[in-house]
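Visitor: here is a sequence with its predicted model. Questions after.
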Number of protein chains: 4
Amino acid sequence: MHYRRLGSTGLQLSALSFGAWVTFGAQVGRGEARNLIACAWDNGINFFDNAEGYARGEAEAVMGDVIADLRLPRDGFCVSSKVFFGSASEPLPTQRGLSRKHVLDACHGALRRLRVDYLDLYFCHRPDPQTPIAETVHAMNLLIEQGKVLYWGTSQWSAAQISEAIAIADARGWQRPAMEQPQYSLLERDRVEQELAPLCAQGLGTTTWSPLASGLLTGKYNDGVPAGSRLDQPELGWLQQAQLEDPGRLHRVRAFTALAEELAVVPAQLAIAWCLRNRHVSSVILGASRVAQLEQNLAALEVAERLDASAWTAVEAIFPRG
Amino acid sequence: MHYRRLGSTGLQLSALSFGAWVTFGAQVGRGEARNLIACAWDNGINFFDNAEGYARGEAEAVMGDVIADLRLPRDGFCVSSKVFFGSASEPLPTQRGLSRKHVLDACHGALRRLRVDYLDLYFCHRPDPQTPIAETVHAMNLLIEQGKVLYWGTSQWSAAQISEAIAIADARGWQRPAMEQPQYSLLERDRVEQELAPLCAQGLGTTTWSPLASGLLTGKYNDGVPAGSRLDQPELGWLQQAQLEDPGRLHRVRAFTALAEELAVVPAQLAIAWCLRNRHVSSVILGASRVAQLEQNLAALEVAERLDASAWTAVEAIFPRG
Amino acid sequence: MHYRRLGSTGLQLSALSFGAWVTFGAQVGRGEARNLIACAWDNGINFFDNAEGYARGEAEAVMGDVIADLRLPRDGFCVSSKVFFGSASEPLPTQRGLSRKHVLDACHGALRRLRVDYLDLYFCHRPDPQTPIAETVHAMNLLIEQGKVLYWGTSQWSAAQISEAIAIADARGWQRPAMEQPQYSLLERDRVEQELAPLCAQGLGTTTWSPLASGLLTGKYNDGVPAGSRLDQPELGWLQQAQLEDPGRLHRVRAFTALAEELAVVPAQLAIAWCLRNRHVSSVILGASRVAQLEQNLAALEVAERLDASAWTAVEAIFPRG
Amino acid sequence: MHYRRLGSTGLQLSALSFGAWVTFGAQVGRGEARNLIACAWDNGINFFDNAEGYARGEAEAVMGDVIADLRLPRDGFCVSSKVFFGSASEPLPTQRGLSRKHVLDACHGALRRLRVDYLDLYFCHRPDPQTPIAETVHAMNLLIEQGKVLYWGTSQWSAAQISEAIAIADARGWQRPAMEQPQYSLLERDRVEQELAPLCAQGLGTTTWSPLASGLLTGKYNDGVPAGSRLDQPELGWLQQAQLEDPGRLHRVRAFTALAEELAVVPAQLAIAWCLRNRHVSSVILGASRVAQLEQNLAALEVAERLDASAWTAVEAIFPRG
């Protein structure tokens, strides 16, 4: 494993990290969750990503139990939560969003479920047009001053919204957002490479998600949606639609898997390795429901170092910059 | 129920809320209090208003016990207290007012009686000419920084006093008052519609009280003060005087109840519904001593949506703007 | 009793208050201390003055036990401590002065001995030339932000030192000193009336000590130092020297006691009443070792209101302004 | 013993202090550690220096146990820790450096090992080019605001780095670094006398280490490295190289020990006494593994006062200013 600073902060995150999204508390039970986190930790992963909204808080509860059970040293790993969607099945009006009340309540809930005294990273999971940005920045700063959060950031915020948060923080002497969590993969390049790049150049870190575009870049949907696969899950129908509705996407993915075969690497490793080559990426969050899958994806580190420039030129030729 | 932001904050309050004033700890015992709060909660009310001065703290103690007993989720409801009058029967000089000492002591007392870790809203119940506004704003900001209060505001302060508090807060980087709690009804329009409107336009929220003008707008005093009614209570003689001394008021109320009959709505519902139509009102606080009364008043939500413009024109013709 | 604001703050102190200096932990034991505080409280005194240096912390321990034993309501009384001299018999270098370390340690010690969660007033007992004023102001502000102190002030600081503390506080957004504790009596007028008056006019409060000039103004030293009196105590030899070395002082005191006899008031009451007439005085601290003495001095309130202008002219003729 | 202010702060440190470096948790066990600290305390030493990195936290654990066992009064002694190297045998990426995470985690670890509620002094043990200085200054200020640290400083930072930290603190209203811990001895004069002097003149304190240049100035290496001596320890090979590689150094030391003999003082005492003469030095940290050695070195206080100007001229002639 190698480690990168979270943007311009002093926090060293593993270049590959592990996220609980759509797995923990859902198809992954506690036993397999323990195996996954143990495997991640043993391979040098030190950042575990989570959110109040993943499986209604259950993803945090599972992760908290596993981390406690494995006795990971608190100063050696980083854990995150995200606030916005709430953890109730049908959140009441004050149980979601970015109001001071919910930002504080959600933090306390995440600390309890994750069984830690502080969150290393705490994200606004979405922008909330119903709350002034200043109210949210103040609440985040308050949590940092109280020692409950180390670094706060955003997820799926526009560059304009992040810039506004930075300007508010600077004007009042509050802590700036330190990172954004955007989607980033060969199929979703623009937000990181176009929109966020200027902010990253000024120090914003990124913890990116869905490096395989919901599995599309593994090639497993090249011939349709297999039964039991992620895109086959009814509640993720929106994902299937987003990933598969454009026939050009599937066409490029087929060319990509052919290239991977030519380079003698697994397509998923190639896709993840490509993400790692962007120095604006602080950490690439991997999801996995099985240890074998995680181990395979971890090998992307080695692929990123091994392939030469011509290989990357070939990859980029398939997925040209937007 | 529908929900509104508390002024420009991100806090979502139910458009109708429930207050303990002159009922809890007095004519309403714990059993009926439980029924009332359960009814309010089941109908979507998420804001429960209180004050240290209501029944000498007993209103808060009753509400705290009931909320704990009903196991309402802490992140799903909002509760307030107000500081100024003290909770002792004969408050000592430091047991009332808005000094730093009493603002902090009263908050701790309210937290204990209401059995919560923080107050969602904390009001200065009256202006205190014996304390510099800066001292009070500092104390409120301190409670917010300590996590004991989310939003602070005022009650029955003049627009000039609120503006001074805002200016002090802005100059020192402290939290502004987020809301004012004024009286507001067809019989008391001026403070909200004339005096506070410019501040509301800039983001001040309002949680309004006495939408029925102490019951006058129900029509129940149209033919005199019934025995056992609120205005018949000896300790509320000042209220009777304020509400009934002007014969023109009673005249207009009689016309209003006739109009309500014509529109086939209960007068109380019509009076509350009219309050809801003002978008500067964040939440209309209902008082009730019986569940049936509360249920009837909750139907004002439906009345507010059902009646057409001509009905409101007729209402306003009876109570012209000041 | 009547109550006055502590300078421009909102804190209402009784015009007469009770101090533990040279009595508690020394000639006054716990039984008499209980009687004294009970008598003071029953007569409306709400401010009890103390210091870490009084009887090496024992004065605070006695007062804390008595207040707890009497079950005085925490929001109804005010208690102070002062930091500088330390509470050890031979203080180590870090156990005295106004360094951040000692200001914080001494506060924690006083809270423990007085058995309270916060000090209402916390004084710098002397200026400390070995500590930058900014370090002390920062420490005091920190204690206020932490909720351990409500108002901080000084004792026996020069107007220039207080002004410097105010300027530092204003420049950094910290809390200003709210009060000074000077000596003030007919025999010691200058500091309050000349030096501090401009600061008082801008809002500085004063809690004054030694209204009887160590008993001199009672007339009991008119014919020499009685055995067992305060000035007869060996460790207070410096006091005897200060009070009695100037023969003019004793001369004026004899004229004063004659005037009191003429006005048919006890000299001590007249001396205390005169202090009360200065509106720059927030509270006159009384010392007493016996209940009868305290009761006699409390009657100064009535004397202050009863005497007419000619009486005060006669008093001032004896002790002309400096 | 005499006491000096830590730079311009109000903290009074003993001119000689005691450090745990390379002794506690290594060749010095708990029994001898207890004797050493008791001896230091009995001789007026009030500052005990430590670091997370000394014997992997074990030096702090030993010192904490001994101080608790000796029941030293918390307001009478000062204890330090330093953050940077971590306390794990092979620190993980987040277990070292000056990130907000490690600065806070390391403080909490030191408080636990040293068994105290606050650290009097907390040092950045080295500069961390991987963390913005502003992040570290913010974390230090946060610990001061939380009452966990009294004064923060640096160790082995350049004057430029310290100046940057001061500028950041001043601009944001945070606490400045109050002290630097540099190496200082007759063989290492430049950093203190050249580089740091301007900052010291503006109020920076210094707690200096290695007054004997790892023992070189005792003369015990004049004829080679004795078996079992500090420079004979394999893990301190870098020290031996630094101290002995330059033959000119040993030459000067031999002249120095001859001079000491001439002046009838122990060379170590003469070397320590020379450090004490620099008023920019707040405290000279002594290391010792045996009580007899500590007692001998404590006599440097008397040597510093006894020798006349001609003696110091002779010393400086051997080790001319850089």
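Guide: Great, that's in hand.
Visitor: go ahead and confirm residue A:151 touches residue A:121.
Guide: Yes - in this structure, residue A:151 sits in contact with residue A:121. The criterion is C-beta atoms under 8 Å, and the distance is 5.3 Å. All C-beta spots, glycine's among them, are computed from the backbone N, C-alpha and C.
Visitor: mutual contacts of those two, please.
Guide: With contacts defined as C-beta atoms under 8 Å, 6 or more residues apart in numbering or on different chains, the residues shared by residue A:151 and residue A:121 are A:6, A:178-179.
Visitor: for these, which one is nearest residue C:274?
Guide: residue A:178 (63.6 Å; C-beta to C-beta).
Visitor: what about that closest one, neighbour count?
Guide: Around residue A:178 there are 23 other residues, counting by other C-beta atoms under 10 Å in any protein chain shown.
Visitor: quick one, phi/psi of the residue lying closest to it once chain neighbours are set aside?
Guide: What sits nearest to residue A:178 in space, not counting adjacent residues and going by C-beta to C-beta, 6 or more residues apart in numbering or on different chains, is residue A:151, at 4.2 Å. Note on residue A:151: its backbone torsions stand at phi -130, psi 140 [degrees, to the nearest 10].
Visitor: now do the same for the nearest residue to residue A:39 once chain neighbours are set aside: its pLDDT.
Guide: Counting by C-beta to C-beta, 6+ apart, residue A:39 lies nearest to residue A:291, which is 4.9 Å off, once chain neighbours are set aside. At residue A:291, the model reports a pLDDT of 97.
Visitor: how many residues are close by the residue lying closest to residue A:26 once chain neighbours are set aside?
Guide: The shortest distance from residue A:26 to any non-neighbouring residue, by C-beta to C-beta, 6+ apart, is to residue A:55 (5.2 Å). Using other C-beta under 10 Å, residue A:55 is surrounded by 21 other residues.
Visitor: for residue A:316, same thing?
Guide: Taking other C-beta under 10 Å as the neighbour definition, residue A:316 ends up with a count of 13.
Visitor: CA atoms only for the helix or strand harbouring residue A:164, dumped as PDB, please.
Guide: Using DSSP states H and E, residue A:164 maps to helix A:159-172. These are the backbone C-alpha positions of helix A:159-172, laid out as PDB (Å, rounded to 0.1, in the frame of the first residue of the first chain):
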ATOM      1  CA  ALA A 159     -17.500  23.400  -7.300                       C
ATOM      2  CA  ALA A 160     -19.500  26.600  -6.800                       C
ATOM      3  CA  GLN A 161     -21.100  25.200  -3.600                       C
ATOM      4  CA  ILE A 162     -17.700  24.100  -2.200                       C
ATOM      5  CA  SER A 163     -16.200  27.500  -3.100                       C
ATOM      6  CA  GLU A 164     -19.000  29.200  -1.200                       C
ATOM      7  CA  ALA A 165     -18.300  27.000   1.800                       C
ATOM      8  CA  ILE A 166     -14.600  27.800   1.600                       C
ATOM      9  CA  ALA A 167     -15.300  31.600   1.400                       C
ATOM     10  CA  ILE A 168     -17.600  31.500   4.400                       C
ATOM     11  CA  ALA A 169     -15.100  29.500   6.400                       C
ATOM     12  CA  ASP A 170     -12.300  31.900   5.500                       C
ATOM     13  CA  ALA A 171     -14.300  35.000   6.300                       C
ATOM     14  CA  ARG A 172     -15.200  33.700   9.800                       C
END
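Visitor: what's the first helix or strand after the helix or strand of chain A with the lowest mean pLDDT?
Guide: In chain A, the helix or strand scored least confidently by mean pLDDT, DSSP states H and E is helix A:237-244, which has a mean of 71. Tracing the chain C-terminally past helix A:237-244 and defining elements by DSSP H and E, one meets helix A:247-263 next.
Visitor: my guess is residue A:15 contacts residue A:283. True?
Guide: Yes - using C-beta under 8 Å, residue A:15 makes contact with residue A:283 at a distance of 6.1 Å.
Visitor: joint contacts of the two?
Guide: residue A:4.
Visitor: more neighbours: these two, which one.
Guide: In terms of neighbours (other C-beta under 10 Å), residue A:283 is the more surrounded of residue A:15 and residue A:283; the figures are 30 against 21.
Visitor: for that one, give me its contacts.
Guide: When contacts are counted by C-beta under 8 Å, 6+ apart, residue A:283 touches A:4, A:6, A:13-17, A:47, A:207-208.
Visitor: just name the closest of the residues you listed to residue C:140, please.
Guide: When these are compared for distance to residue C:140 (C-beta to C-beta), residue A:6 comes out closest, at 36.9 Å.
Visitor: just the pLDDT at the nearest residue to residue A:53 once chain neighbours are set aside, thanks.
Guide: The spatial neighbour of residue A:53 that comes closest, neighbours along the chain excluded (C-beta to C-beta, 6+ apart), is residue A:85 at 3.2 Å. pLDDT, the model's per-residue confidence, is 98 for residue A:85.
Visitor: and residue A:85, how close does it get to residue C:274?
Guide: The gap separating residue A:85 from residue C:274 is 70 Å, by C-beta to C-beta, to the nearest Å.
Visitor: the two: who's more crowded?
Guide: For the pair residue A:85 and residue C:274, the greater number of neighbours falls to residue C:274 (26 against 18), based on other C-beta under 10 Å.
Visitor: which strands and helices sit next to the one helix or strand that one maps to?
Guide: When secondary structure is defined using DSSP H and E, the element that contains residue C:274 is helix C:267-276. Based on contacts counted as 3 or more C-beta pairs under 8 Å, 6 or more residues apart in numbering or on different chains; DSSP states H and E, the elements that helix C:267-276 packs against are helix C:247-263, strand C:283-286, helix C:291-298, helix C:300-306, helix C:309-318.
Visitor: repeat the analysis, applying 7 Å as the threshold.
Guide: Other helices and strands packing on helix C:267-276, by 3 or more C-beta pairs under 7 Å, 6 or more residues apart in numbering or on different chains; DSSP states H and E, are helix C:247-263, strand C:283-286, helix C:291-298, helix C:300-306.
Visitor: okay, these, which one's buried deepest?
Guide: For those, the largest average neighbour count (mean count of other C-beta atoms under 10 Å in any protein chain shown) is found in strand C:283-286, namely a mean of 27.
Visitor: which residues of chain A fall in strands?
Guide: Assigned strands in chain A, in chain order: A:3-5, A:12-14, A:16-19, A:47-49, A:78-83, A:119-124, A:149-154, A:179-180, A:205-208, A:283-286 (criterion: DSSP state E).
Visitor: so which of those is nearest residue C:167?
Guide: Nearest to residue C:167 among the strands of chain A is strand A:149-154 (35.4 Å), distances taken as C-beta to C-beta.
Visitor: and the helices and strands packed on helix C:267-276 as TSV, adding distance to residue A:43?
Guide: Conversion of the helices and strands packed on helix C:267-276 to TSV gives the following (distance: least, C-beta to C-beta, whole Å):
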stretch	distance to residue A:43
helix C:247-263	87
strand C:283-286	69
helix C:291-298	77
helix C:300-306	80
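Visitor: now do the contacts for the spatially most central residue of chain A.
Guide: Compute the mean C-alpha point of chain A, and by C-alpha atoms, centre = their mean the closest residue is residue A:209, 3.7 Å away. Contacts here follow C-beta atoms under 7 Å, 6 or more residues apart in numbering or on different chains; on that basis residue A:209 touches A:19, A:21, A:181, A:183, A:285.
Visitor: wait, isn't the last one in contact with residue A:15?
Guide: It stands for residue A:285. No - the criterion here is C-beta atoms under 7 Å, and residue A:285 misses it with residue A:15 at 10.8 Å.
Visitor: now stretch A:169-187: buried residues?
Guide: A:169, A:174-187 (16 or more other C-beta atoms under 10 Å in any protein chain shown).
Visitor: between these, which sits nearest chain D?
Guide: Of all the buried residues of stretch A:169-187, residue A:175 has the smallest distance to chain D: 7.7 Å, by C-beta to the nearest C-beta.
Visitor: right, I'll leave it there.
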